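Trainee: With the sequence up front, the predicted model follows.
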Amino acid sequence: MTNPLFDSFSLGDLHLSNRIVMSPMTRDRAGPGDVPGALMVEYYRQRASAGLIVTEGVQPSAAGKGYWRTPGIWSEAQIEGWAKVADAVHAEGGRIVIQIMHCGRVVVPANRGYDADIIAPSALPCPDLVPGPDGVPAPTAMPRALDAAELPALAEEFAQAARNARAAGIDGVELHAASGYLINQFMNPASNHRDDAFGGSPENLVRFPLMVLKAMADAIGGGRVGLRISPGNPYNSMDVTDPAATFGPLLRGADPLNLAYIHVADMALKDLDTLAFIRANCRAPIIANNMLNAETGRALIDGGRADAISFGRAFIANPDLVERLKKGAPLAKPDYSLLYTGEEKGYVDYPALDATA
Ligand SMILES: Cc1cc2nc3c(=O)[nH]c(=O)nc-3n(C[C@H](O)[C@H](O)[C@H](O)COP(=O)(O)O)c2cc1C
């Protein structure tokens, strides 16, 4: 029996040559001005046999930047840089969406290289140390609480980022609503202490996330917009007591937008079957992620629990991951000390199988 992982499939308006997705991974290789340069073009070109590449988190504005050397999609130079990435991936027959990631309060100021407001739903700093320049852990700064009157313009920044991605020839965008960044900060009681229409009840907690998602879908069409979630993920000090309380309204609110997909980092929660929960609350196709392999991924597709499977770490040292999974070939191991160095080494120098043979 053939493995459905290697069959073509459509996620909304995204037509994939296989159901293997490269999961988003921040790698700190953008050039001056947070512009994707030749190094990033080569990295994504090498991995274009994935049915779909989801890029690293990309800031929609200067204020969205929290980490060192992360790319943006708001300046002309950045859009031109992404156009070169899109061309390279398309020339290899691949598809690519940009993950729109606004860090909100998760900002080490020294990572930015310029001044911009640090914004969040409430003036509550992220208590965790997060990677600073060169990946060295550093404290975050105190954010300013956003005024409700600012939120429509902030949602519009995400919509403009989506338009910019399309102008660059990128196939679509994924909204990062996982892992304790701005969208997740609005949804979570640990970071949202607001007493207006954007805080308190679960419906209020998802109001801004849905405003953003709708603005993005209106801008480029829901069939080119994905949503990334990780219910129950404590990363960046999120409260994980009752993830279904907010992710339920989020998914039900997203349902009418006819999104390309829901991309879930499944935390294997004891009290929640996350994949079944998503199916019950939203009709969009599901990309399942986290600690999967060719066999577990195949079982999820065969069982109707997921429509595509994403791999993160396996893509770091295996640019030809699809080919290796097809052949059952061994997977190379990444050098984790080189994840965030900003250098070529440990980024574009992992060979494909045929080059090592
Ligand atoms: C180096 C690295 C950077 C990551 N950066 C991001 C990111 O920018 N956005 C995101 O949503 N997830 C990010 N992740 C999480 C991965 O997308 C993925 O969910 C995780 O690695 C689990 O999948 P895996 O078991 O296949 O590696 C990152 C993971 C790694 C290892």
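Mentor: Everything's here; your move.
Trainee: how about the residues of the stretch 151-300 of the chain near the ligand?
Mentor: The stretch 151-300 of the chain has residues His176, Ala178, Ser179, Arg228, Ala265, Asn289, Asn290, Met291 near the ligand, with proximity defined as C-beta under 6 Å from any ligand atom. In short, each C-beta sits where N, CA and C put it, glycine included.
Trainee: what about Thr2, how many residues close to it?
Mentor: Thr2 has 6 neighbours, counted by other C-beta atoms under 10 Å.
Trainee: Tell me the secondary structure at it.
Mentor: Classification of Thr2 using DSSP: H, G, I helix; E, B strand; the rest coil returns coil.
Trainee: just Glu174 next, same as before
Mentor: Secondary structure for Glu174, judged by three-state DSSP, is strand.
Trainee: isn't it right up against Ile262?
Mentor: No: using C-beta atoms under 8 Å, Glu174 makes no contact with Ile262, being 10.0 Å away.
Trainee: Show me whatever sits in contact with both of those two.
Mentor: Common contact partners of Glu174 and Ile262 (C-beta atoms under 8 Å, 6 or more residues apart in numbering): Gly226, Leu227.
Trainee: mind listing what the nearest residue to Ser179 once chain neighbours are set aside touches?
Mentor: Nearest non-adjacent residue to Ser179, counting by C-beta to C-beta, 6 or more residues apart in numbering: Tyr235, 4.6 Å away. Neighbouring residues of Tyr235 by C-beta under 8 Å, 6+ apart: Ala178, Ser179, Gly180.
Trainee: mind listing which of those residues are in helices?
Mentor: Judged by DSSP state H, the contacts of Tyr235 include no members of helices.
Trainee: Which one (most neighbours) among these?
Mentor: Top of the contacts of Tyr235 by neighbour number is Ala178, holding 26 neighbours under the definition other C-beta under 10 Å.
Trainee: That one: what's it in contact with?
Mentor: Listed by C-beta under 8 Å, 6+ apart, the contact partners of Ala178 are Asn184, Arg228, Ile229, Ser230, Asn233, Tyr235, Ala265.
Trainee: What is the burial count for the second one?
Mentor: Applying other C-beta under 10 Å, we find 28 residues neighbouring Arg228.
Trainee: cool, the one 3 residues further on as well?
Mentor: For Pro231, the number of neighbouring residues by other C-beta under 10 Å comes to 26.
Trainee: As JSON lines, the contacts of Tyr235 with distance to Arg305 and pLDDT would be great.
Mentor: Below are those laid out as JSON lines (distance: C-beta to C-beta, whole Å; pLDDT from 0 to 100):
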{"residue": "Ala178", "distance to Arg305": "19", "pLDDT": "98"}
{"residue": "Ser179", "distance to Arg305": "22", "pLDDT": "97"}
{"residue": "Gly180", "distance to Arg305": "26", "pLDDT": "98"}
